[in-house]
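Asks: Provided below are the primary sequence and the corresponding predicted coordinates.
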Amino acid sequence: DGGITQSPKYLFRKEGQNVTLSCEQNLNHDAMYWYRQDPGQGLRLIYYSQIVNDFQKGDIAEGYSVSREKKESFPLTVTSAQKNPTAFYLCASSPLTGTNGPQHFGDGTRLSIL
Amino acid sequence: DAKTTQPNSMESNEEEPVHLPCNHSTISGTDYIHWYRQLPSQGPEYVIHGLTSNVNNRMASLAIAEDRKSSTLILHRATLRDAAVYYCILRGNSGYALNFGKGTSLLVTP
């Protein structure tokens, strides 16, 4: 079945450590997104990419980095510069044709600090 | 994107219809109205979207006011699996990301 796969489901980070969250999609979508969700809050955009080898910062990009080397993959690195990384991270994708097609989400990665 | 206002929470009995309201008084003529829902510990799931006319799909119906300043998501028969946070989002032509607010937390009781 087509969909978005995020891994791992749970991740723990030590102080000063960089961690990378995986996001893979087999929907042949051009656009991919990373959101962060804190408890009881809505989603906030970290980064998005409309095409391979190109990406743009969202509202809260500081302390995060991404790459888009393949259409199917959009990994997110949470760097040691992100001082409050504990959150639920969600990856999404959508077609690029128009801006009103639905976004498809993965099941998220929950990141915690050790 | 323009802002939406939703009640923080609503409660419904199982097998009853549910009407989830959304106000968007500053909506522009090109903004689509999208609804997503999020079950606990899962990613959001697309429900329905529309521009001016009412829309129906297998999950729900979307009723849009004539002046487009408000809309209502209708679940025809609530089930326990419909308990989730429901987000009403306006999506214009600029930008591709979705602007999620806090949504409405729907509780369904047997």
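Replies: That came through fine.

Asks: how about the residues of chain B near chain A?
Replies: Residues of chain B lying close to chain A by Cβ under 8 Å from any Cβ of the partner chain are B:32, B:34, B:41-46, B:49, B:87, B:91-98, B:100-103. C-beta: built from backbone N, CA, C; applies to glycine.

Asks: which among those end up buried?
Replies: Neighbour-count burial (16 or more other Cβ atoms under 10 Å in any protein chain shown) applied to the residues of chain B next to chain A gives B:32, B:34, B:43-46, B:49, B:87, B:91-92, B:96-98, B:100-101, B:103.

Asks: lowest pLDDT pick from those residues?
Replies: Lowest in pLDDT among those is residue B:96, which has 68.

Asks: quick one, strands of chain A?
Replies: Taking DSSP state E, the strands of chain A run over residues A:4-7, A:10-13, A:19-25, A:31-37, A:43-51, A:54-57, A:64-66, A:76-78, A:87-94, A:104-105, A:109-113.

Asks: so the nearest residue to residue B:98 once chain neighbours are set aside, which state does it fall into?
Replies: Excluding the flanking residues, the one nearest residue B:98 by Cβ to Cβ, 6 or more residues apart in numbering or on different chains is residue B:89, at 5.3 Å. Here residue B:89 is recorded as strand under DSSP: H, G, I helix; E, B strand; the rest coil.

Asks: how far away is residue B:78 from residue A:88?
Replies: Relative to residue A:88, residue B:78 is positioned 25 Å away (criterion: Cβ to Cβ, to the nearest Å).

Asks: again with residue B:81
Replies: On the measure of Cβ to Cβ, residue B:81 and residue A:88 end up 21 Å apart.
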